[in-house]
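A.B. asks: Return a 3D structure for these sequence lines:
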Amino acid sequence: MEPFDAWYRAEHPRLLASMVLLCGSVDEAREATDEAFARAYERWTRVGAMASPGGWTYRVAVNVVRRRGRRHSLERRLLVRRPPAVDVPAPAGEAWSLVAELPLRQRTAVVLRYVADLPEADIARIMGIRRGTVAAMLTQARARLGAALTAEVLDG
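C.D. replies: Modelled structure (predicted):
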């Protein structure tokens, strides 16, 4: 089993970047990332012995983002007010602004696959869905992104 501190230093930057792209907010991404690593640290004996401690940590972070998203959505409905939209610049170029427009499940799959570099089987476990569903979502996301990029080129 790898020591926690070495594993943390290796995994933290990629998980944080993935969460920034997933939720569009650096602050929310940091909170989700910190929460996931805190839980991993608390359970390191068990988590560190897993085949994919990183996959477990990604799943925790994604669940934190989902839970906070649901809570914020409920709060907005209950308070009947809309905060002004914050324009977060794409950290990895203009293509990521197109990724941000994907539905949440497709965006999650794209970020976990292409930023976190996780295999489809790990993504399926993190998202709590079947591997075939992940493959289908990635195919649909690539088709949407391809269409959007083509439209931008033709319009540009």
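A.B. asks: A143: neighbour count?
C.D. replies: 10 (other Cβ atoms under 10 Å). To be clear about C-beta, it is placed using only N, CA and C from the backbone, and glycine gets the same treatment.
A.B. asks: Check which helix or strand it maps to.
C.D. replies: Using DSSP states H and E, the element containing A143 is helix 131-155.
A.B. asks: what residues does that helix touch?
C.D. replies: Here helix 131-155 makes contact (Cβ atoms under 8 Å, 6 or more residues apart in numbering) with 95, 98-99, 101-102, 105-107, 109-110, 113, 120-121, 123-124, 127.
A.B. asks: Show me how to select, in ChimeraX, the buried members of the residues you listed.
C.D. replies: Those of those that count as buried under 16 or more other Cβ atoms under 10 Å are selected in ChimeraX with:
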select :98,99,102,105,106,107,109,110,113,120,123,124,127
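A.B. asks: mind listing which of the contacts of helix 131-155 are in strands?
C.D. replies: Among those, no member falls in strands (criterion: DSSP state E).
A.B. asks: From the contacts of helix 131-155, which land in helices?
C.D. replies: Taking DSSP state H, the ones among the contacts of helix 131-155 that sit in helices are 95, 98-99, 105-107, 109-110, 113, 120-121, 123-124, 127.
A.B. asks: For R46, give its distance to H12.
C.D. replies: The gap separating R46 from H12 is 20 Å, by Cβ to Cβ, to the nearest Å.
A.B. asks: Same check on R30?
C.D. replies: Where H12 is concerned, R30 sits at a distance of 10 Å (Cβ to Cβ).
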